[in-house]
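next comes the sequence, and after it the predicted model I'd like to discuss.
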Amino acid sequence: MGLAMDCFAVSISGGLCLPCMKPKDSLKIAISFGFFQALMPLIGWLLGFSFKDYIAAFDHWIAFGALSLIGLKMIIDAIRHKPEQKKFLITDWKVLLSLSVATSIDALIIGISFAFLEVNISKAILIIGVVTFIISLIGLFIGRKASRFTGSKAEIIGGIFLILIGSKILFEHLSLINW
């Protein structure tokens, strides 16, 4: 569940921005988050220990940058929004892919540790993927319900959430550095 919490928060943001989301779009988002959360530990497991230090040196910067840029774009789009302009859409494949990768980078490092802990990787990635899928659906539902109370400010709130998630990832990793 710890790995799925970033996806949960991003899903809430997505639900805030698209309160009338179709069920197929909710499934698309949850499947994407679940798939990437399961894929990254598998890739990490396959890479093994040799790349751990190299990846750990910059993974938090990638997640922070991607989530912050997407969050800023959401906020700017909400402020500048004109009826003829396209709104920020979590269902857009480029946005969804960016969010799916950014929220699952930490799972890559977990996968590397799985290689040395002799974890049953098939069982682990199945559990990670299913839990993330379910948590993401719950987050989308909560976001859609909360959008009733946030009204037109939903996209700004969603953007702030994404920036805060990226900042949390960055600060957690920087706090692990011995100064």
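On my side now, so go ahead. Numbering: from 1, shown residues only.

point to the helix or strand of this protein where mean pLDDT is at its lowest.
Least confident helix or strand of the chain, by mean pLDDT, DSSP states H and E, is helix 52-56 with a mean of 63.

what's the closest non-adjacent residue to the residue nearest in space to the middle of the chain?
Centroid-nearest residue in the chain: residue 103, 3.2 Å away (criterion: C-alpha atoms, centre = their mean). Excluding its sequence neighbours, the residue lying closest to residue 103 (C-beta to C-beta, 6 or more residues apart in numbering) is residue 6, at 4.2 Å. Quick note: C-beta positions are derived from backbone N, CA and C, even for glycine.

I'd assumed residue 166 was in contact with that neighbour.
No. The criterion here is C-beta atoms under 8 Å, and residue 6 misses it with residue 166 at 9.2 Å.

how much space between the residue nearest to the centre of the chain and residue 48?
Residue 103 is 23 Å from residue 48, where distance means C-beta to C-beta, to the nearest Å.

likewise for residue 69?
Taking C-beta to C-beta, one finds residue 69 at 31 Å from residue 48.

again with residue 170
To residue 48, residue 170 is 26 Å away according to C-beta to C-beta.

quick one: which of these two has more around it?
Legend: neighbour count by other C-beta atoms under 10 Å for residue 170 and residue 48, higher for residue 170 (18 against 13).

ok, and the closest non-adjacent residue to that one?
residue 64 (3.9 Å).

residue contacts, that neighbour?
Residues near residue 64 by C-beta atoms under 8 Å, 6 or more residues apart in numbering: 166, 167, 169, 170.

before we move on, what about residue 44?
Shown here is residue 44, whose contacts under the criterion C-beta under 8 Å, 6+ apart are 55, 107, 108, 109, 110, 111, 112, 113, 114, 115.

number of nearby residues for the nearest residue to residue 11 once chain neighbours are set aside?
In this structure, residue 11 finds its nearest non-sequential neighbour in residue 139, 2.9 Å apart by C-beta to C-beta, 6+ apart. A total of 26 residues lie near residue 139 under the criterion other C-beta under 10 Å.

name the element residue 139 belongs to?
Counting by DSSP states H and E, the element that carries residue 139 is helix 121-150.

which helices and strands does that helix pack with?
Using 3 or more C-beta pairs under 8 Å, 6 or more residues apart in numbering; DSSP states H and E, the elements in contact with helix 121-150 are helix 5-17, helix 23-47, helix 105-117, helix 154-175.

6 Å instead?
helix 5-17, helix 23-47 (3 or more C-beta pairs under 6 Å, 6 or more residues apart in numbering; DSSP states H and E).

please identify the deepest-packed of the ones you listed.
Among those, helix 5-17 has the highest mean neighbour count (mean count of other C-beta atoms under 10 Å), at a mean of 26.
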